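Trainee: Predicted model follows, preceded by the sequence.
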There are 2 protein chains.
Amino acid sequence: MTARVTMRDVARAVGVSPMTVSRALRDDETVNEKTRHKIRQVANDLGYVYDTTAQAFRTQKSGFVAVTLPSINNANFAETFRGLSDGLGASGMQLLLGSTNYRVEKEEELVRQLLTRNPEAIVLTGGHHTDETRALLRARNLPVVEMWDLPTEPLGHVIGFSNAEAMAKLVTHLAESGRRRLGYIGASDLTDLRGAERRDGVIAKAAELGLPEVEFLDAGPAPVSMRHGAQAVSALGANLRSFDALVCVSDPVAFGVLSECRRMGLDVPGDIAITGFGNFEVASVSDPRITTIGVTAREIGEQVALLLEDVFAGNQRDGPRVVDVGSRLVRGETS
Amino acid sequence: MTARVTMRDVARAVGVSPMTVSRALRDDETVNEKTRHKIRQVANDLGYVYDTTAQAFRTQKSGFVAVTLPSINNANFAETFRGLSDGLGASGMQLLLGSTNYRVEKEEELVRQLLTRNPEAIVLTGGHHTDETRALLRARNLPVVEMWDLPTEPLGHVIGFSNAEAMAKLVTHLAESGRRRLGYIGASDLTDLRGAERRDGVIAKAAELGLPEVEFLDAGPAPVSMRHGAQAVSALGANLRSFDALVCVSDPVAFGVLSECRRMGLDVPGDIAITGFGNFEVASVSDPRITTIGVTAREIGEQVALLLEDVFAGNQRDGPRVVDVGSRLVRGETS
DNA sequence: CGGTAACATGTTATCGGTACCAAATGGCGC
DNA sequence: GCGCCATTTGGTACCGATAACATGTTACCG
């Protein structure tokens, strides 16, 4: 339980001022190289550990970038996080992660909590937020990035894509392959706004193409995954045959749907087509491979990292950056 | 770019001292309720945001718990993180997450970085660390939790299970069902030490039961997932037939193996048995369901949270806590 | 009405770095 | 030897909250 070793202690041991130690440990060129070396060595010997908290306090720069994700247990968001984390590693920024469980109210609470840590930027997933969240963020003069969406009223920078447009590609593809009776499987209303956008995209495109009304099959509150897809299908029972295509909110759901359809004796894609979203690993490994939408999850994270580096370096003065990273149809064997 | 609103400003506006504001905002009962209310309101009106950095600095308590995970993109670790995060939510602790990519050297770097943030506890995945990491942690008088393993020389508390023992259950099960020619599919040596423990567990138990030597099929450096499992199998080609059971390091790998086996025309489990590890969602949803080892990923996180709450509350004085959460065989349809 | 306990609020110093400015030292030209 | 500049180092105050202690205020007693 000995007292903490501080720069003062190191300074005394070396015989210089704390200021010189501070400079030396930050590799300030103005400190004589021999002195720097000596200081580093003594610091090491004494078991000195730099106190980032004190630095953050004094400089009023926390070295934090706050990030909110709907769920950490989602391969796509995890990839985005990795891209962001790796991309930001060089700049010495630490990520502060919070998970919203797909709820804007939870997001608000999180943002409130994260802001008390003085992050130097905040990255939000999606473009839907409570008014209070928007107010909180606007009040701060803080770089904000929204990702995974193209919000109509962005809070700042945007690195995303259009969910509706992506779904339109799928619906067009299905219609061209002769499918007409579509069902959409996703999370309950209002629990996953990005999912709702996808559903609306499906409905709109189907209407535009003159297909019958798309039926919404509720898989329960977000997050929905493999088992929820399977359950939604088994709940349908014989009614399953009234569809010739099931459009799913994500690949895991689609995989659950696929497995259950096969258990029920349906031929995929013979009897019914299935599509997913996100180009998760399971889509390309499963047999048959699942038709899906490829989104560049990792790239989104990397782009956010690049953007933030520019922002921190002052190279992003000319207003917010808005990047549509797009999405692409990935044809599998389920359609 | 107005200057930051501090407690001083709030104090001046209300006509009390900063100290009273500080107390009021922390809901100190000794502050008159009316005063407290007034202060909260004024703070709100002025757009005051509490500065946790300053608090952390002054109190020398960061409010952080550092966590290292091998990978964030892994459903099991993500679940553990969620359990930990949810469990710790009430205590107001913030998680500081770092990902080691299954490398102890990366872990060391991470630990070094995380320690500069003065965490109040650190949670490590696994029981393998570099000597330097061990030294760093021992030098600090910091609660340490190792999880997902039962280390022979724990650094502090342990919430885990025996990987070798879990694999022994699988091998016993396979042997009892008449399988003899086992292959083990996992990551390359030294890139995933927990995976190596699993492999050694398989080899040991197979030897004990008098089975032929287990062959190691290298799926590449960690992390390995679905596609690596599939690739390992397709690389085997016709040699695949020399096995009657494939033991995989994880369920995603097993799923890749399963899919590829079926693409190659093998009957599972008729021609070959397949087992996974972790009881991931894919194991129970896939058709056929995958035989696996159930580990209570979420519970591990929750238990760590409970343990830490006890530690913070001072209710864990009598030495380190070591909990074996165990594991169980989950019979699927692939064996 | 003095005394005391219970309650409510204020004062001062401090956590460990670092911005800002001052100053010591050494080298060089004239 | 002097002036000047470059290089290197030091002194002081401060970031915003709060622990520890001191003080003021009210209520109620005999």
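Mentor: Cool, the structure landed.
Trainee: What separation do you get for residue A:117 and chain B?
Mentor: 5 Å (CB to the nearest CB, to the nearest Å). Any C-beta I mention is one placed from the backbone N, CA and C, and that applies to glycine too.
Trainee: what does residue A:194 give?
Mentor: 19 Å.
Trainee: Test my guess that that residue contacts residue A:149.
Mentor: Yes. The criterion here is CB atoms under 8 Å, and residue A:194 meets it with residue A:149 at 6.4 Å.
Trainee: list the residues that contact both of those two?
Mentor: A:126, A:128, A:163 (CB atoms under 8 Å, 6 or more residues apart in numbering or on different chains).
Trainee: and the closest residue to residue A:186 other than its chain neighbours, how many neighbours does it have?
Mentor: Excluding the flanking residues, the one nearest residue A:186 by CB to CB, 6 or more residues apart in numbering or on different chains is residue A:249, at 3.5 Å. Here the count is done by other CB atoms under 10 Å in any protein chain shown, and residue A:249 has 29 residues near it.
Trainee: What does residue A:249 show for phi and psi?
Mentor: Note on residue A:249: its backbone torsions stand at phi -70, psi -20 [degrees, to the nearest 10].
Trainee: got it, and residue A:210?
Mentor: phi 80, psi 20.
Trainee: I'd like the distance between it and DNA strand D.
Mentor: From residue A:210 over to DNA strand D the distance is 60 Å, taken as CB to the nearest atom of the strand, to the nearest Å.
Trainee: any idea how far chain B is from the residue of the stretch 51-200 of chain A found nearest DNA strand D?
Mentor: As assessed by CB to the nearest atom of the strand, DNA strand D sits closest to residue A:58 within the stretch 51-200 of chain A, at 3.4 Å. Applying CB to the nearest CB, the value for residue A:58 to chain B is 9 Å.
Trainee: near chain B, anything from stretch A:9-22?
Mentor: No. Stretch A:9-22 is not in contact with chain B by CB under 8 Å from any CB of the partner chain; minimum separation 14.1 Å.
Trainee: Determine how far the last residue of that stretch lies from the first.
Mentor: End-to-end span of stretch A:9-22 (CA to CA, to the nearest Å): 12 Å.
Trainee: List the contacts of it.
Mentor: Under CB under 8 Å, 6+ apart, the answer for stretch A:9-22 is A:7, A:8, A:31, A:35, A:38, A:39, A:42, A:43, A:46, A:48.
Trainee: repeat for stretch A:295-304
Mentor: Contacts for stretch A:295-304 (CB under 8 Å, 6+ apart): A:75-77, A:79-87, A:123, A:145, A:147-148, A:159-161, A:166, A:277-279, A:323, A:325, A:327.
Trainee: Show me which of the residues you listed are buried.
Mentor: Buried subset of those (neighbour count, 16 or more other CB atoms under 10 Å in any protein chain shown): A:75-77, A:79-85, A:87, A:123, A:145, A:147-148, A:159-161, A:166, A:277-279, A:323, A:325, A:327.
Trainee: Would you mind naming what in the stretch 201-335 of chain A lies close to DNA strand D?
Mentor: By the rule CB under 7 Å from any atom of the strand, no part of the stretch 201-335 of chain A lies against DNA strand D.
Trainee: Cross-check the buried ones among the contacts of stretch A:295-304 against chain B and keep the overlap.
Mentor: A:75, A:79, A:81, A:82, A:85.
Trainee: got a markdown table for those residues, with secondary structure, pLDDT and distance to residue A:225 too?
Mentor: Output for these, formatted as a markdown table (DSSP: H, G, I helix; E, B strand; the rest coil; pLDDT from 0 to 100; distance: CB to CB, whole Å):
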| residue | secondary structure | pLDDT | distance to residue A:225 |
| --- | --- | --- | --- |
| A:75 | helix | 90 | 11 |
| A:79 | helix | 94 | 16 |
| A:81 | helix | 96 | 18 |
| A:82 | helix | 94 | 20 |
| A:85 | helix | 95 | 23 |
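Trainee: Which of those sits closest to DNA strand C?
Mentor: The nearest member of these to DNA strand C, counting by CB to the nearest atom of the strand, is residue A:85 at 23.0 Å.
Trainee: which residues sit against stretch A:260-267?
Mentor: A:229, A:230, A:231, A:233, A:234, A:240, A:246, A:268, A:271, A:272, A:274, B:287.
Trainee: distance of the third one from DNA strand C?
Mentor: In this structure, residue A:231 lies at 54 Å from DNA strand C, with CB to the nearest atom of the strand as the measure.
Trainee: Show me which residues of the stretch 201-335 of chain A sit near chain B.
Mentor: A:225-227, A:230, A:252, A:255-256, A:259, A:262-263, A:281-282, A:284-287.
Trainee: Closest one to residue B:119 out of the residues you listed, please.
Mentor: Within those, proximity to residue B:119 (CB to CB) peaks at residue A:225, which comes in at 31.6 Å.
Trainee: how about the strands in the stretch 151-300 of chain A?
Mentor: A:157-160, A:182-186, A:215-218, A:245-248, A:273-275, A:292-294 (DSSP state E, counting those that start in this stretch).
Trainee: What helices and strands are in contact with the longest one?
Mentor: Applying 3 or more CB pairs under 8 Å, 6 or more residues apart in numbering or on different chains; DSSP states H and E, we find strand A:182-186 packed against helix A:193-208, strand A:215-218, helix A:226-236, strand A:245-248, helix A:251-263.
Trainee: Out of those, which one sits most buried?
Mentor: Stretch with highest mean neighbour count among the helices and strands packed on strand A:182-186: strand A:245-248 (a mean of 30; mean count of other CB atoms under 10 Å in any protein chain shown).
Trainee: So which residues make contact with it?
Mentor: Defining contact as CB under 8 Å, 6+ apart, one finds that strand A:245-248 is touched by A:167, A:170-171, A:174, A:179, A:181-186, A:202, A:214, A:217, A:229, A:233, A:254, A:257, A:261, A:272-277, A:335.
Trainee: Go ahead and measure how far it is from the middle of the chain.
Mentor: Relative to its parent chain, strand A:245-248 has a centroid offset of 24 Å by CA atoms, centre = their mean, to the nearest Å.
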